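A.B. asks: Attaching a predicted model along with its sequence, questions to come.
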Amino acid sequence: MENLVYAIVLLPLVGFLINGLFGKNLSKILVGGLATLVVFASFVISASIFLGFDKESAPVIVKAFEWFRVNGIQVNFGFQIDQLSLMMVMIITGIGSLIHLYSIGYMSHDKGFYKFFAYLNLFIFSMLLLVLGSNYLILFIGWEGVGLCSYLLIGFWYTNEDYGKAARKAFIMNRIGDLGLLIGIFAIAANVNAIDYLSVAQNASSFELDGTTIIFITASLFIGATGKSAQVPLYTWLPDAMAGPTPVSALIHAATMVTAGVYLVVRSNFLFTLAPTVQDGILLIGFLTAALAGFYALRQNDIKKVLAYSTVSQLGFMFIALGLGAYTTAMFHVMTHAFFKALLFLGAGSVIHSMSNEQDMRFMGGLKKYIPITHATFLIGTLAISGFPLLSGMISKDEILVAAYAKNPIYWVMLFILAAITATYMFRLYYLTFHGQFRGTEEQKHHLHESPVNMTLPLIVLAVLSVVGGLINLPHFIGHGHYAKLLEWLKPVLTEQSFSEMEATLSGVNFNTEMILLGATILMFFTVWFFVKNTYVKKQKKALPEEQYSGWEKLSAKKLFVDEIYNACIVRPIEEAGKAAAMFDKAVLDPIVNFIGLGAQDSGRAAKRLQNGNVENYVLIMSLAIGIVLIVNFILK
Amino acid sequence: MLFLSVKKIYKIMGGDVNTFIQQIPLEYFIILSTVLFCLGVLGVLIRKNAIVILGCVELMLNSVNLLLAAFSAYKGDGNGQLLVFFIMVVAAAEVAVGLAIIAMMYRNTRSVDVSIFNKLRG
């Protein structure tokens, strides 16, 4: 098994090296095929490990070598195979290989084809390091690696200045979070004298419940998570990250990288359980994020922006689950969200591809009959995220709702409203894009075409997964939790305390109440569907230009001016300070340095006359000098 | 030859070279070699001909040799005179190299005037 684990991680790295070093001279089929194949091979290997892995099994540590030892802390370079990391690896390599396959078609006309696949492979490698690492430091390497790949891929079309700016924004926002993570890791190392998960988990009981130390550590880790997973206040980079090619948005900014924060919290559940205060904070941040992003998504006109805000909002849902202590519920939503959001993004990519790179929904409409496969799969994705009964999104979201109700019915009400908002903007997106009249140019209409089979195949696979994905973790009331397979599967990852608390929460709602809640959400879903359909299909309401928006619509379209506020409060002052520093540099430091430099130059120029190449002169000077020394010597005596 | 014959004469006279030399005041030697040395320095400073300059350098060396031999004789210690031979050998080697250089200078420029060799001017 050890060698297989190495293979999982190293195969994408090999793909990256070959494509990165030699891809320029290889044919596109070879580059795309190799990149897809290495990831798919990783998937097959991890599936074989996954299928042979005992669900009761303790974590398996695969130690590659001792990395370094400092101040009594031994840091190994090794991997930890357990239920959680296997689940993440399956998601990453599975969806990763589908998206690689899709990209071969999507990027086929791009000049940087080989570069794109090299970056994608590097991303998969870093992401695998992140989830497989056996200690926080390896997680951090992967964490930075995915950040780098995210930066490279957002700015993939770097000739567009705005895209470059979006890439930098994402990188800097992430760095702020990363600092939090780093501080958290240092704090753990200082307090526990170890950073590998198993030792930290063992020693976690030495922390005082809700003490200052544990709050500091978990809050720092959570700041790291807010950066990577786009939570308030560091969420503004994710919508801008849509500048990257659409498969990137699907893979990095929907399915995998942005869920790293959730993974981090679940992985550190032994710490977070000890800090209820921080958990409350996570809950608050989760609600804020879900609400804000949901609100923005209502009146965005760029198809990818809607999906981006939807992603932020869904990540908010996951953090709400984490804040409620429902760790497996969060992981469940990570998984189903990976399915349907990757599907939606790839579907949007297919739409953009057929629309000749048009992203604005105001110029779409009526695409249903032109791109039937994309339409059908997109509809499934929309239904899944909005909560059509028994689709994956509905089951995982319902689990969060139940957990919220068990904690406090008010949470449930808030989540209920958020779910309604989700359904609203998703159906708005769907109807504006696929129904009504075509609103684009004649030329675009002429070019409309269904995507090739290597693009539709991933869509179909993901659509199937979005439909059946929820079945692995059926709600508690069916068979008394017997069919909650994911819950059981992840049990060994959680501490006993967090597991028992979570199970109490999930089964804490009695059957009748739960039926009523379920009925309410389903009713809500169909009501929303009906109303949105009525608005956009029967009344033929069109998306207006932004000038004609009413008050709240403007706020939504302008994202509550948060970007502007950040610019005014943080970016501008830093820029101004930079300008002032530059002035000081020019006015004060430069003259001083120049004076020294010029002084040396001038004195050199003067002294150079002494060396005129005339030997007699040298001798004369030498003899005179000796004479002077002698005379001085004589006088002083 | 001359030096040896003088020595012989004084051997015949039943005297010793050292005692003979000690009869001459030491200041004379010092003054003589100082004069010789200054002549050498002046020659180096004033003349442009490389061969003459080399000769002047030899002059300076020999003035020092003379002084060394004189001090040695006054002190009755033969080591000083031994050192003089070393200096002579080294000087001979130096002259060999120096003359070779001057020969090359002449071949390249048809001149032994040092003032035209100022290529290392800063």
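C.D. replies: That came through fine.
A.B. asks: how much space between the closest residue to residue A:561 other than its chain neighbours and chain B?
C.D. replies: Among residues not flanking residue A:561 along the chain, residue A:555 sits closest, at 7.9 Å (C-beta to C-beta, 6 or more residues apart in numbering or on different chains). The way it works is simple: take the backbone N, C-alpha and C, and place the C-beta from them, glycine included. As for residue A:555, its distance to chain B is 74 Å (criterion: C-beta to the nearest C-beta, to the nearest Å).
A.B. asks: tell me the average confidence for the one helix or strand residue A:555 maps to?
C.D. replies: Assigned by DSSP states H and E, residue A:555 falls within helix A:551-557. Mean per-residue pLDDT for helix A:551-557: 83.
A.B. asks: Stretch A:268-280 too?
C.D. replies: Averaged over stretch A:268-280, pLDDT sits at 92.
A.B. asks: Nearest spatial neighbour of residue B:41, chain-adjacent residues omitted?
C.D. replies: Going by C-beta to C-beta, 6+ apart, residue B:41 has residue A:623 as its nearest residue, at 5.7 Å.
A.B. asks: I misspoke; the intended subject was residue A:288.
C.D. replies: Counting by C-beta to C-beta, 6+ apart, residue A:232 is the residue found nearest to residue A:288 once chain neighbours are left out, at 4.5 Å.
A.B. asks: That neighbour touches residue A:282, doesn't it?
C.D. replies: No - counting by C-beta atoms under 8 Å, residue A:232 sits too far from residue A:282 to count as a contact (11.1 Å).
A.B. asks: neighbour count winner among those two?
C.D. replies: More crowded of residue A:232 and residue A:282, by other C-beta atoms under 10 Å in any protein chain shown: residue A:282, with 26 against 21.
A.B. asks: Tell me the spacing between residue A:263 and chain B.
C.D. replies: Separation of residue A:263 from chain B (C-beta to the nearest C-beta) stands at 68 Å.
A.B. asks: by contact count, what packs against the host helix or strand of that residue?
C.D. replies: Assigning secondary structure by DSSP H and E places residue A:263 in helix A:260-267. Helices and strands touching helix A:260-267, as assessed by 3 or more C-beta pairs under 8 Å, 6 or more residues apart in numbering or on different chains; DSSP states H and E, comprise helix A:83-106, helix A:113-132, helix A:136-154, helix A:212-228, helix A:303-323, helix A:327-354.
A.B. asks: residues in chain B within reach of chain A, list them.
C.D. replies: B:41, B:44-46, B:48, B:114-115, B:117-122 (C-beta under 8 Å from any C-beta of the partner chain).
A.B. asks: give me the number of residues near the residue of chain B found nearest chain A?
C.D. replies: Taking C-beta to the nearest C-beta as the measure, chain B has residue B:118 as its residue closest to chain A, at 2.9 Å. The burial count assigned to residue B:118 is 13, neighbours taken as other C-beta under 10 Å.
A.B. asks: That one and residue A:613 touch, don't they?
C.D. replies: Yes - taking contact to mean C-beta under 8 Å, the distance of 2.9 Å between residue B:118 and residue A:613 places them in contact.
A.B. asks: Helix, strand or coil: sort out the residue of chain B closest to chain A for me.
C.D. replies: Here residue B:118 is coil, with the state taken from DSSP: H, G, I helix; E, B strand; the rest coil.
A.B. asks: so what's it up against?
C.D. replies: Listed by C-beta atoms under 8 Å, 6 or more residues apart in numbering or on different chains, the contact set of residue B:118 reads A:612-614.
A.B. asks: From residue B:45, how far out is the residue of the stretch 301-450 of chain A found nearest chain B?
C.D. replies: Checking the stretch 301-450 of chain A residue by residue against chain B with C-beta to the nearest C-beta singles out residue A:357 as nearest, at 65.6 Å. Separation of residue A:357 from residue B:45 (C-beta to C-beta, to the nearest Å): 86 Å.
A.B. asks: rewinding a little: could you verify that the residue of the stretch 301-450 of chain A closest to chain B is part of a helix?
C.D. replies: No - according to three-state DSSP, the state of residue A:357 is coil, so it is not within a helix.
A.B. asks: Against residue A:441, how distant is it?
C.D. replies: Computed as C-beta to C-beta, the residue A:357 to residue A:441 distance reads 12 Å.
A.B. asks: Who has more neighbours out of those two?
C.D. replies: When residue A:357 is set against residue A:441 and neighbours are counted by other C-beta under 10 Å, the residue ahead is residue A:441, at 13 against 8.
A.B. asks: Chain neighbours aside, what residue packs nearest to that one?
C.D. replies: Using C-beta to C-beta, 6+ apart and skipping the chain neighbours, the partner closest in space to residue A:441 is residue A:363 (7.7 Å).
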